[in-house]
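Asker: I would like to see how this sequence folds:
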Amino acid sequence: MINTITLNPSLDYILKVDKFNIDSLNRSEKEQIYAGGKGINVSIVLNNLGVENTALGYVAGFTGDEIVKQVKEHGVNCDFIKLEEGLSRINVKLKSLGETEINGSGPQITSENLENLYEKLSYLKQGDYLILSGSIPKGVPDDIYENIMNRLLNKKVEFIVDATKDLLLKVLKYKPFLIKPNHHELAEMFNVELKNDKDIIIYGKKLQEMGAKNVLISMAGDGAILLPENGEPVKREVPKGILKNSVGAGDSMVAGFLAGYIKNNDIQEAFKMGIATGSASAFSEELATKEEVENLLTQI
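Answerer: You can find the predicted model right below:
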């Protein structure tokens with residue numbers, strides 16, 4: 001079984017304005033509202049690819065109800081914890097001549113809420129996958145990912161982690177099956193400038209030395225580099241297409257990689273699937289569908 005965790009999900013409110021003017025009335029040309037959050041994106045894309053999974057996390061208020069409604073409409077199994085107070089956040093994404101984002105903070109998470117999550121996770125077993133991704137809401141200790149992985153270590157659950165800097169670095173000792181930093185995040189982790197692929201591979205290997213089994217480094221339009229647990233680093237280019245939406249592309253890459261790996265237990269084929277799925281989301285207004293992914297696979 002595959003489970004994703006989104007500790008701080010959101011409703012993403014996307015506005016398109018021809019020419020946005022500060023301190024002036026602006027009217028939108030198009031509006032969209034999506035259930036957002038990295039783990040939720042992974043769950044939706046996995047489901048689109050025919051891989052059953054369950055989305056876990058916290059929701060609150062009427063915004064939380066809408067998040068659950070939308071996730072279920074995508075066919076994803078939900079087991080969110082409903083908080084009694086607060087509201088799940090709304091993230092505003094303004095698309096005009098450029099892109100501007102304003103992200104909400106989200107509800108307060110209590111120690112009792114955390115215990116509720118640990119209880120749900122206690123039923124995971126050997127062979128299950130747990131995907132930990134995204135930011136941590138207020139009230140949640142910054143070692144939450146460590147605590148979760150430590151509690152499940154003896155169950156031999158496979159972990160996939162897509163997080164930034166210290167959140168990621170601190171969990172490497174638990175030997176996650178896959179981590180997926182992008183090249184900017186990799187540079188930030190080690191406070192270095194990555195000038196070329198060789199530099200990226202050098203610092204990717206450092207993450208492996210710290211415990212990660214497979215390291216997948218995304219580089220947007222420049223492709224991705226995989227450092228497999230067994231074998232030499234491999235770089236793949238992305239297929240050709242028009243970038244329409246970068247939101248969720250990295251999450252889609254994670255979903256595609258895992259879907260590909262589960263299908264044939266082959267890391268290199270999983271890498272191809274990850275590239276195709278991430279690109280399919282980037283080339284679409286919404287998250288990747290199975291048909292879009294299959295069409296792009298022929299180009300890789």
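
Asker: average model confidence for stretch 246-265?
Answerer: Taken as a whole, stretch 246-265 has a mean pLDDT of 92.

Asker: which of the residues in it are buried?
Answerer: 247-261 (16 or more other Cβ atoms under 10 Å). (Glycine included, C-beta is placed from N, CA and C.)

Asker: give me every residue that touches Ile225.
Answerer: 197, 200-201, 204, 216-217, 219, 233-235 (Cβ atoms under 8 Å, 6 or more residues apart in numbering).

Asker: try 6 Å this time
Answerer: Ile225 makes contacts with 200, 217, 233, 235, as judged by Cβ atoms under 6 Å, 6 or more residues apart in numbering.

Asker: hang on, the earlier thing: can you name the two of the buried residues of stretch 246-265 that are farthest apart?
Answerer: Maximum pairwise distance in the buried residues of stretch 246-265, criterion Cβ to Cβ, is 24.1 Å, between Val247 and Tyr261.

Asker: before we move on, back to that, next, check the buried residues of stretch 246-265 against the helices and list the overlap.
Answerer: Among the buried residues of stretch 246-265, the members falling in helices (DSSP state H) are 249-261.

Asker: Just name the closest of those residues to Ser88, please.
Answerer: Asp251 (17.9 Å).

Asker: What separation do you get for the nearest residue to the closest one once chain neighbours are set aside and Glu99?
Answerer: Nearest residue to Asp251, sequence neighbours excluded (Cβ to Cβ, 6 or more residues apart in numbering): Asn41, at 3.7 Å. Applying Cβ to Cβ, to the nearest Å, the value for Asn41 to Glu99 is 17 Å.

Asker: Between those two, point out the one with more neighbours.
Answerer: Asn41 (31 against 12; other Cβ atoms under 10 Å).

Asker: wait, doesn't that one sit right on Gly250?
Answerer: No - using Cβ atoms under 6 Å, Asn41 is not in contact with Gly250; the gap is 8.6 Å.

Asker: count of neighbours near Ser105?
Answerer: By the criterion of other Cβ under 10 Å, Ser105 has 12 neighbours.

Asker: swap in Gly61?
Answerer: Neighbour count for Gly61, taken as other Cβ under 10 Å: 17.

Asker: repeat for Tyr123
Answerer: Neighbour count for Tyr123, taken as other Cβ under 10 Å: 10.

Asker: just the helices in the stretch 51-200 of the chain please.
Answerer: With helices called from DSSP state H, counting those that start in this stretch, the stretch 51-200 of the chain shows them at 61-73, 111-121, 144-152, 165-169, 183-190, 197-209.

Asker: If you count neighbours, what's buried in the shortest one?
Answerer: Going back to what we said before, that points to helix 165-169. Under the neighbour-count criterion of 16+ other Cβ under 10 Å, helix 165-169 has 167-169 buried.

Asker: nearest to Ala288, of these?
Answerer: Using Cβ to Cβ, these come closest to Ala288 at Leu168, 23.9 Å.

Asker: ok now do that closest one, which residues does it touch?
Answerer: Applying Cβ under 6 Å, 6+ apart, the residues contacting Leu168 are Val161.

Asker: quick one: it and Met1, what's the gap?
Answerer: From Leu168 across to Met1, the span is 24 Å (Cβ to Cβ).

Asker: How about Asn103?
Answerer: Counting by Cβ to Cβ - Asn103 and Met1 are separated by 30 Å.

Asker: Kindly report the same for Asn41.
Answerer: As judged by Cβ to Cβ, Asn41 and Met1 stand 19 Å apart.

Asker: Same check on Ala212?
Answerer: 23 Å.

Asker: Could you do Glu84 as well?
Answerer: Distance from Glu84 to Met1, by Cβ to Cβ: 28 Å.

Asker: One more: Ile225?
Answerer: Distance, Ile225 to Met1, using Cβ to Cβ: 30 Å.

Asker: And for Tyr118?
Answerer: Tyr118 is 17 Å from Met1, by Cβ to Cβ.

Asker: What of Leu178?
Answerer: 17 Å.

Asker: who's more crowded, the two?
Answerer: Leu178 (25 against 14).
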